[in-house]
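Novice: Pasting a predicted model and its sequence here:
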Amino acid sequence: MSAQGSPSSSGPPPGRGDDAPPDTACLRRASDTFECWLRRVLLLVLVVGMPAAAVGAGLTAYHASLRTVRIQAADRHQVTAHLTRKADGGDWAKRPAPVRWTGPDGVVRTGTALVSPGTARGAAVRLWVNREGTVTGPPTTTLNATADGWLMGGMAAFGVAGGSYAAWAGVRRVLDRRRYAQWDAEWVRVEPRWSARFRP
C-alpha cells in the first residue's frame with residue numbers, strides 16, 4: 001500500500017483544513033468576555049429572579065393586606081343613623097350632614113355622613129363605625145388584598161427588569177468608552193506606519 005493512501009500520512013486532519021472557518025467562540029478582548037458573561041448573568045436574573053421577585057412581593061403584599069382585612073372586619077360594623085337636619089342642596093355631589101344613632105351599648109352617638117343633597121331630616125343612613133363608635137369607611141375586602149398582591153408583584157417584576165436593563169446599559173456604555181479609547185490609541189500608533197506605505 002502506498003504512503004499516499006496510508007491513514008498515517010501527513011497533512012491536516014479531516015475537517016480541519018486551511019479553509020476551515022475561524023473559531024469565533026473565542027473572544028480575544030477581556031471586555032468582550034466580561035460582556036458575554038454579564039449578558040448570561042442578567043438573562044439568568046430575568047428568567048429566574050424576575051418571577052421569584054414578583055411572586056415573593058405579591059404574596060407578601062397579599063398576606064399583609066389580608067391581615068388588614070381581618071382586623072378591619074372584626075373592628076368595624078354597620079349601624080343605622082338618622083339625619084338630625086335636612087342636607088344642604090344645590091348640586092348632585094354628596095356632602096356631609098349631621099347624623100345620630102344609638103350604639104349596641106345603648107349610648108347615643110353623633111357624627112357626620114355623606115348624603116345626597118336635599119335628604120330630609122330623620123332619613124335613615126347606613127354607616128360604618130369602629131368599636132369606639134367613630135364613623136369610618138367600610139372594611140377592605142379580599143378583592144383589595146388580591147389587587148394589592150398583583151400590583152406589588154407587577155412592580156417587583158418591573159423593578160427587576162428595569163434594574164437589569166439599567167445595569168446592562170450602564171456597563172455596556174462603560175465598555176464602549178474603553179473600547180473607543182483603545183481603538184484611538186491603537187490608531188495613533190498604526191496610522192503613521194500605515195500612511196507611510198502610500199507616500200511617494
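Specialist: On my side now, so go ahead. Numbers count the residues shown, from 1 in each chain.
Novice: For the helix ranked longest in the chain, name the packing helices and strands.
Specialist: When the chain is scanned for its longest helix (criterion: DSSP state H), the result is helix 142-196. Judged by 3 or more C-beta pairs under 8 Å, 6 or more residues apart in numbering; DSSP states H and E, the packing partners of helix 142-196 are helix 30-44, helix 50-75. The way it works is simple: take the backbone N, C-alpha and C, and place the C-beta from them, glycine included.
Novice: any idea how far it is from the chain center?
Specialist: Distance of helix 142-196 from the chain centroid (C-alpha atoms, centre = their mean, to the nearest Å) equals 18 Å.
Novice: in the chain, which ranges drop under the pLDDT threshold?
Specialist: Along the chain, the model assigns pLDDT under 70 to residues 1-28, 90, 196, 198-200.
Novice: Give me the distance between the two termini of stretch 97-110.
Specialist: 11 Å (C-alpha to C-alpha, to the nearest Å).
Novice: Which positions within that stretch qualify as buried?
Specialist: A97, V99, W101, R109 (16 or more other C-beta atoms under 10 Å).
Novice: and what of stretch 41-61?
Specialist: For stretch 41-61, by 16+ other C-beta under 10 Å, it's L42, V45, G49, M50, A53, A54, A57, G58, A61.
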